[in-house]
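Participant: Sequence plus the predicted model coming up.
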Amino acid sequence: MTPSSPDQKPVAEPPIRAPSPVPVDDAVLPFEVASLDLRGRLTRLGPALDDILNKHDYPAPVGKLLGEAIVLTTLLGSSLKFDGRFILQTQTDGPVSFLIVDFQAPDRLRAYARFDAARLAPGLNSGALLGHGHLAMTIDQGADMSRYQGLVALEGGSLEDAAHEYFLRSEQIPTRVRLAVGEEWRGGEGPRHRWRAGGLLLQFLPKAPERARQPDLDPGDAPEGVAAHTVAEDDAWVEGQSLIATVEDVELIDPDLSGERLLYRLFHERGVRVFPSLPLRAQCSCSREAVSAMLKSFAPNDRAEMVKDGKIAVTCEFCSSVYEFTPEQAGVE
């Protein structure tokens, strides 16, 4: 479930060109730095993030946290090579007790957060908002295929920390993630805020056998002629981590800075190649037909108890759409 390779590979070496100065929102930009055996993805979100968050008018701290979860989901889910789903979900004891982001390949996003407004306090960081519990990342390949799920304990740390822990324990691929979300006050009519978000995922995928996956190599176990070292100590990975550590939040969300220019800033000395961007959009998968089928799956007595004021009303938690049915339409006798 790791984005270990771009979705599209060039047939031949592309001509050298200057990075595009045109910012592109709501897209994932795959890239590689071949000289350092690094590959990664850069996400920039604007209108799509606004669409998702403003449907619920979340308090700013909750919106920011859910925005981080959405960015992380796009960095991971956009690696799917099939028409499936990538679902990121948290269940914790913190003020934000539940988060879910549903990415349906190749480009559809929806998300929702449940929180206790009475427990929100100024200055809480993402770790304090989440508290303790777990993060689940699920790949759903369809009705006839098995699901894959990875779990990570949340112990007061951020979503970045959880992502690092997951890749360390489950995938054993050296990985670093950066997530940033910001808001701008917007007066007048319409939504109160304009949200922006960005994220960067970098992975070390060495091709040389003597450099690949030696996390616990002892000096006595090193192959003859190969210096004993860990992947964490590899010069290329050390350099990659140092470079991604220089990225500031404002660079990830700057509407005037294109993703290509940001990658050029980071890796131009080593040479960076970008691949075609992957568009993203906010779109819920709910429908009247799906809700009707869900209602009819309940026992008759349960459906009868749902009738209020002569109708059954169902609200989608993701997009806040309300579907109303008469008792007859819902199969209530």
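Facilitator: Yes, it's here. None of these values were measured; they are calculated from a predicted model.
Participant: show me where pLDDT drops low in the stretch 151-300 of the chain?
Facilitator: Applying pLDDT under 70 to the stretch 151-300 of the chain flags the ranges 185-193, 208-233.
Participant: and residue 33, what pLDDT?
Facilitator: Reported pLDDT at residue 33 in the predicted model: 96.
Participant: tell me which residues of stretch 266-273 are tucked away?
Facilitator: 266-267, 272-273 (16 or more other CB atoms under 10 Å). C-betas here are computed from N, CA, C, even on glycine.
Participant: same deal with stretch 169-181?
Facilitator: Residues of stretch 169-181 classed as buried: 174-181 (neighbour count, 16+ other CB under 10 Å).
Participant: from the buried residues of stretch 266-273, which two are the most distant?
Facilitator: 266 and 273 (13.0 Å; CB to CB).
Participant: picking that back up, tell me which of the buried residues of stretch 169-181 is nearest to residue 257?
Facilitator: Nearest to residue 257 among the buried residues of stretch 169-181: residue 180, at 12.2 Å, using CB to CB.
Participant: how far away is the closest one from residue 73?
Facilitator: 15 Å (CB to CB, to the nearest Å).
Participant: And for residue 95?
Facilitator: In terms of CB to CB, residue 95 sits 21 Å off from residue 73.
Participant: Tell me the one among the buried residues of stretch 169-181 nearest to residue 207.
Facilitator: For the buried residues of stretch 169-181, the nearest to residue 207 is residue 174 (13.9 Å; CB to CB).
Participant: Once you drop chain neighbours, what's closest to that closest one?
Facilitator: Nearest non-adjacent residue to residue 174, counting by CB to CB, 6 or more residues apart in numbering: residue 204, 4.0 Å away.
Participant: pretty sure that neighbour contacts residue 235?
Facilitator: No. Between residue 204 and residue 235 there is no contact under CB atoms under 8 Å: 11.0 Å.
Participant: So for these two, which sits in the more crowded spot?
Facilitator: Applying other CB atoms under 10 Å to residue 204 and residue 235 shows that residue 204 carries more neighbours, namely 24 against 10.
Participant: Pairing partners for the more buried one in the sheet, please.
Facilitator: Here residue 204 sits in beta bridges with residue 38, going by DSSP bridges.
Participant: OK, contacts around it?
Facilitator: 36-38, 173-175, 231, 234, 236-237, 240 (CB atoms under 8 Å, 6 or more residues apart in numbering).
Participant: Which strand or helix spans residue 86?
Facilitator: strand 85-92 (DSSP states H and E).
Participant: and that strand, how far out from the chain's middle?
Facilitator: Relative to the centre of its chain, strand 85-92 is centred 10 Å away, using CA atoms, centre = their mean, to the nearest Å.
Participant: before we move on, the earlier item: higher neighbour count, residue 95 and residue 73?
Facilitator: Comparing residue 95 with residue 73 by other CB under 10 Å, the one with more neighbours is residue 73, at 25 against 21.
Participant: Would you indicate which residues of the longest helix along the chain are buried?
Facilitator: What stands out as the longest helix in the chain, according to DSSP state H, is helix 60-77. Burial within helix 60-77, assessed by neighbour count using 16+ other CB under 10 Å, is assigned to 61-77.
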